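Participant: attaching a predicted model along with its sequence, questions to come.
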Amino acid sequence: MQTKASLLIAALCGVLSGQAFADHETIKPKAYDSLGKCVKAALSKHDGKIVKLEAKSERKQVVYEFDVQTNDGKAWDIECSAKTGKVTEVEEEVTATDERFKALAKVSEEEAKATALAAHPGKVVEVEYELEPDGKASYEFDILEADNEEVKVEVDASTGKIVETSYEIYQIGQE
């Protein structure tokens, strides 16, 4: 007999492996189902296809981060509190050459990377370029530390200061 957890994981793997998420309206989250609530909340912000889900620990709270691709070709990182089921942040993912990002970035990627690695030594496995809801830009570095723990370090592209750090609990979907 399959458990609810294994059924949920199987369903998410189907969703995240490339199947369109057109029928997300049929998700009926239960009071105990924080992931279901967060899926629904995230897709209410930007309807599209979830291509990656990360659970992470941020300030000692579990946060789900959904990478959503919308029909207009945009990519969004939508964070949702596992405790409340409410969206806590929406960021637009862009490329390093995006004119909006370049206009805001006063710190080079190499300088931001050096800051992130000074705080969390390891190997950078992914870099994202983000436009924040407050109009700022940031670099987000996924760093694999020596103990094989992955940490996300967000560096403000204007000031070069670390603005957020979180540890990955698990990831489903494409990097």
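Facilitator: Happy to help now that I have it. Numbering: from 1, shown residues only.

Participant: burial count for Ala118?
Facilitator: By other Cβ atoms under 10 Å, 10 other residues sit near Ala118. (Glycine included, C-beta is placed from N, CA and C.)

Participant: what residues of the longest strand anywhere in the chain count as buried?
Facilitator: As assigned by DSSP state E, the longest strand anywhere in the chain is strand 162-173. Buried residues in strand 162-173, counted by 16 or more other Cβ atoms under 10 Å: Ile162, Thr165, Ser166, Glu168, Gln171, Ile172, Gly173.

Participant: the fifth one and Val51, how far apart?
Facilitator: It refers to Gln171. Distance of Gln171 to Val51, given as Cβ to Cβ, to the nearest Å: 11 Å.

Participant: in this protein, which spans are helices?
Facilitator: 4-16, 34-45, 99-104, 109-119 (DSSP state H).

Participant: give me the average confidence score over the shortest one.
Facilitator: Yep, that's helix 99-104 we're talking about. Averaging pLDDT along helix 99-104 yields 97.

Participant: mind checking pLDDT for the residue nearest the centre of the chain?
Facilitator: In the chain, the C-alpha nearest the mean C-alpha coordinate belongs to Glu65, at 3.8 Å (Cα atoms, centre = their mean). As predicted, Glu65 sits at a pLDDT of 95.
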